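Peer 1: model this:
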Amino acid sequence: MSLLQVKEVTHSYGSRSIFNWKDRSKKVLSDISLSIEEGTCLGLLGRSGAGKSTLGKVILGLERPQNGQILFQGHDIYTADNHTRKKIRRDLQVVFQDSYSSVNPRMTAERIIAEPLENYEKLTVAEQKRTIIELLERVGLSEEDLKKYPHEYSGGQLQRINIARAISLKPKLIVLDECVSSLDMVTQTLILELLRELKEDFGLSYFFITHDIKSAYTISDTLGVLEKGELVELYGSKNQFFTSEHPVVKEMRGSILSEHPRYRSVRTREKHPKSV
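Peer 2: Alright, predicted model coming up:
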């Protein structure tokens, strides 16, 4: 049984016409089906407005879809009983794109990471502090960072705090919603490497939402492509992405700039997938 199963999910947003005030429905997800196995990362690629973040919210239980099911460890997250839903909330965590809006600016790093521990664990004060220090060190920070506030961190450092909070309960699956897209290239590389290490060390699974092919290729085991709310392609391996003849995928590949300026022409981009 797959860790996560998304079954024929359809979701729409309602709106009103300015001129006739009639309700209109904008479909943002259409009949989406995919699955994530334990210990793997599914990268979901798509352009802005494709519906990627909406699907992430549906999977997290933040937006109930009009049709379809989200099964986590065999349980429908929208119809499960309270006990099961509490367990799902523990095992299903998220790291969002904006590291600053994801935390309370009045909380120290210690308090930010302590929140899930206080909700789900019964630790003494000393045990909790020791656990938080271990988490900080695991994401590349130190005990000296315990008492710092969000404004005292760089974006990359604060995203490490968010990652420490996400792994604090040893979840089964983490939804990573554009979690490196607001960072500079060097910091992106470091965070992606950290995520790969954590995946191996903790046996984590990831749902990696991104518009960036390079980031997706770095961390993902399998790849999906979302376009206008439809899952147009789903690849069992990353290399299949670079041989696909689907027009949307070819267009996405064509948008990649080679790292070497000599190869940065429209005619040669398709010939250098290794530059990713």
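Peer 1: Which segments of the chain make up each domain?
Peer 2: Per the record, the chain has its domains at 4-14+24-237, 242-276, by automatic domain parsing.
Peer 1: Tell me the gap between the first one and the middle of its chain.
Peer 2: Using CA atoms, centre = their mean, to the nearest Å, the mean C-alpha position of domain 4-14+24-237 is found 4 Å from that of the whole chain.
Peer 1: gap between the two ends of that domain?
Peer 2: 18 Å (CA to CA, to the nearest Å).
Peer 1: ok, and for the least confident helix or strand in the chain by mean pLDDT, which residues are buried?
Peer 2: The least trusted helix or strand in the chain, going by mean pLDDT, DSSP states H and E, turns out to be helix 238-241, with a mean of 84. Buried positions in helix 238-241, judged by neighbour count with 16 or more other CB atoms under 10 Å: 238, 241. C-beta coordinates here come from the backbone N, C-alpha and C atoms, glycine included.
Peer 1: Would you mind pulling up the elements that whichever helix or strand comes after it packs against?
Peer 2: Downstream of helix 238-241, the next assigned helix or strand under DSSP states H and E is helix 247-254. Packing partners of helix 247-254 (3 or more CB pairs under 8 Å, 6 or more residues apart in numbering; DSSP states H and E): strand 222-227, strand 230-235.
Peer 1: Quick check: the spatially most central residue of the chain vs K199, distance?
Peer 2: The centroid of the chain falls nearest to L176 when counting by CA atoms, centre = their mean (1.6 Å). As judged by CB to CB, to the nearest Å, L176 and K199 stand 11 Å apart.
Peer 1: overlap in contacts of the two?
Peer 2: By CB atoms under 8 Å, 6 or more residues apart in numbering, L176 and K199 have these common neighbours: Y206.
Peer 1: hang on, the earlier thing: and the helices and strands packed on helix 247-254, which is most packed in?
Peer 2: Most buried of the helices and strands packed on helix 247-254, by mean neighbour count (mean count of other CB atoms under 10 Å): strand 222-227, with a mean of 23.
Peer 1: any idea of the mean pLDDT in it?
Peer 2: Mean pLDDT, computed over strand 222-227, is 95.
Peer 1: Tell me what angle it forms with strand 230-235.
Peer 2: Orientation check (axes from the mean of the first three to the mean of the last three CA atoms, to 10 degrees): strand 222-227 against strand 230-235 gives 160 degrees.
Peer 1: orientation of strand 222-227 relative to helix 247-254 in degrees?
Peer 2: Using the same axes, to 10 degrees: strand 222-227 against helix 247-254 is 110 degrees.
Peer 1: what's strand 222-227 packed up against?
Peer 2: Packing contacts for strand 222-227, counted by 3+ CB pairs under 8 Å, 6+ apart, involve strand 41-46, strand 230-235, helix 238-241, helix 247-254.
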